[in-house]
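[1] quick one, what's the 3D model for this:
(chains A, B, C and D)
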There are 2 protein chains.
Amino acid sequence: MLKLTKKADYGLMALKYLAEHPETPALSAKEIADAYGIPAQLLAKILQRLTKTGLLKSHAGMNGGYALAKDAEKISAFEVILSIDGPFFITSCTKGAHGCDLTPSCTIKEPLARVNDTIAGVLKSISISDLAEDGQTVPKAAAHGLVTLTLS
Amino acid sequence: MLKLTKKADYGLMALKYLAEHPETPALSAKEIADAYGIPAQLLAKILQRLTKTGLLKSHAGMNGGYALAKDAEKISAFEVILSIDGPFFITSCTKGAHGCDLTPSCTIKEPLARVNDTIAGVLKSISISDLAEDGQTVPKAAAHGLVTLTLS
DNA sequence: AAATATCCGACTTCTTCGGTCCTCATTCAG
DNA sequence: CTGAATGAGGACCGAAGAAGTCGGATATTT
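    Sure, this is the predicted structure:
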């Protein structure tokens, strides 16, 4: 529950891998897939999607492959997940386009919408470069309790 | 993606409904289900689960039903979702019990674990009573940009 | 021309979610 | 005591979505 899809995971991993190899002009889907042991054809489709949404540049032919379209610092986890999995909403009824199909009972939705916004905000604040920089950039001891949330 | 299950939604709705009717000693699953137009038998199982985890008290027999086991302020959305859907992790590999089945490539996981913690924190900060109190308790205009996230 | 890539849609397989059905246990009213 | 109402809970099914595969078309370098 409340999980990222594996595709999104794979996409993040691939982008991280690309960010860690800035010297190479392009890496093929197969190379990246082999590096992580994930299905090559599946990753290929993911990378194609990221290309279509402008996060990657692609180059066909021999020695072709993919490269980041912008700086790793400028690509957020939010963009990646959005590109791969489409818009997400924590609640089933979006409460925007067509409202709720249930009785007008969805008073629950307003508080949860704020949760949704919070999650989106967190994901937007994380960039690919945050994932890359090998090892822990953040002191492990401080990994908990460092989140301050202000709800109104 | 990244959605709550309908069961969790239903559970939250039901608890909200119970919180809004503190005078009645017990409400049957059918009553609540009818109020929201959701399948009675499905809701029944959800309520049974919430009973087993101690969030609800149940009473069989005629005029039986369910009632909150503690104050609505003391029940968090987190507990409810956890009870219904089980423990959630934003990443597929928990990195705790059995680690990652992929190559030790999961350097991604540490930052995402913090995202996970953040989400859990937000859900813990929302109580059933927050859902209940009819209308918007929080000024709508302030619904955006009120989240402060400190990442180390 | 051949090898290596991306590109892209169709398809299968697998899991999970949403939902139903049926049975048993408990409690209260008459 | 009996029966209606209710909770408890297992078995099951269909639909939907996720994960992964296949096949072919196009582009690019050698």
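[2] from now on I want contacts and neighbour counts done on CA atoms only, so please keep to that.
    OK.
[3] what's the lowest-mean-pLDDT helix or strand in chain A packed up against?
    In chain A, the helix or strand scored least confidently by mean pLDDT, DSSP states H and E is helix A:109-125, which has a mean of 85. Judged by 3 or more CA pairs under 8 Å, 6 or more residues apart in numbering or on different chains; DSSP states H and E, the packing partners of helix A:109-125 are helix A:77-85, helix B:109-124.
[4] what about 6 Å?
    Applying 3 or more CA pairs under 6 Å, 6 or more residues apart in numbering or on different chains; DSSP states H and E, we find helix A:109-125 packed against helix A:77-85.
[5] could you export the helix it packs on as CSV, CA atoms only?
    Output in CSV follows, covering the C-alpha atoms of helix A:77-85 (Å, rounded to 0.1, in the frame of the first residue of the first chain):
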residue,chain,number,x,y,z
ALA,A,77,11.8,12.7,-8.0
PHE,A,78,8.4,14.1,-8.4
GLU,A,79,8.9,14.7,-12.1
VAL,A,80,10.2,11.2,-12.6
ILE,A,81,7.4,9.5,-10.8
LEU,A,82,4.9,11.7,-12.6
SER,A,83,6.3,10.9,-16.0
ILE,A,84,6.3,7.2,-15.4
ASP,A,85,3.2,6.6,-13.3
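[6] could you pull up the mean pLDDT of it?
    Taken as a whole, helix A:77-85 has a mean pLDDT of 95.
[7] buried residues in that helix?
    A:77-85 (16 or more other CA atoms under 10 Å in any protein chain shown).
[8] what's the most distant pair in those?
    A:77 and A:85 (11.9 Å; CA to CA).
[9] can you narrow the buried residues of helix A:77-85 to ones near DNA strand D?
    Filtering the buried residues of helix A:77-85 for neighbours of DNA strand D using CA under 7 Å from any atom of the strand leaves residue A:85.
[10] now the buried residues of helix A:77-85 in TSV, with distance to residue B:41?
    TSV is the format used below for these (distance: CA to CA, whole Å):
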residue	distance to residue B:41
A:77	39
A:78	38
A:79	40
A:80	39
A:81	35
A:82	35
A:83	38
A:84	36
A:85	32
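[11] who are the contact partners of residue A:116?
    Residues near residue A:116 by CA atoms under 6 Å, 6 or more residues apart in numbering or on different chains: residue A:90.
[12] circling back to that earlier point, how about whichever helix or strand comes after the least confident helix or strand of chain A as CSV, C-alpha atoms only?
    For helix A:109-125, the following helix or strand on the C-terminal side (DSSP states H and E) is helix A:128-132. Written as CSV, here are the backbone C-alpha positions of helix A:128-132 (Å, rounded to 0.1, in the frame of the first residue of the first chain):
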residue,chain,number,x,y,z
ILE,A,128,18.3,13.0,-8.6
SER,A,129,21.6,14.4,-7.3
ASP,A,130,20.3,13.7,-3.8
LEU,A,131,20.0,10.1,-4.8
ALA,A,132,23.3,9.9,-6.5
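[13] ok so, going back, relative to helix A:77-85, how tilted is the least confident helix or strand of chain A?
    Put simply, helix A:109-125 runs at 110 degrees to helix A:77-85, going by axes from the mean of the first three to the mean of the last three CA atoms, to 10 degrees.
[14] go through helix A:109-125 and flag the buried ones.
    A:109-123, A:125.
[15] from the residues you listed, which is closest to residue A:47?
    Distances from residue A:47 to the buried residues of helix A:109-125, taken by CA to CA, are shortest for residue A:123, at 19.6 Å.
[16] skipping adjacent residues, who's closest to the closest one in space?
    residue A:78 (4.8 Å; CA to CA, 6 or more residues apart in numbering or on different chains).
[17] how much space between that neighbour and residue A:67?
    19 Å (CA to CA, to the nearest Å).
[18] residues from chain A in reach of DNA strand C?
    A:1, A:27-30, A:41, A:44-45, A:47-48, A:51-52, A:58-66.
[19] hmm, 6 Å instead?
    Within chain A, the positions near DNA strand C by CA under 6 Å from any atom of the strand are A:1, A:28-29, A:45, A:48, A:51, A:58-66.
[20] make a PyMOL selection of the buried ones in those.
    In PyMOL syntax, the buried subset of those is picked out as below (16+ other CA under 10 Å):
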select buried, chain A and resi 1+28+29+48+51+58+65+66
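[21] can you name the two of the residues of chain A next to DNA strand C that are farthest apart?
    Farthest-apart pair in the residues of chain A next to DNA strand C is A:1 and A:62; separation 41.3 Å (CA to CA).
[22] so who does the residue of chain A found nearest DNA strand C touch?
    Per CA to the nearest atom of the strand, residue A:28 is where chain A lies closest to DNA strand C, at 3.2 Å. Applying CA under 6 Å, 6+ apart, we find residue A:28 in contact with residue A:65.
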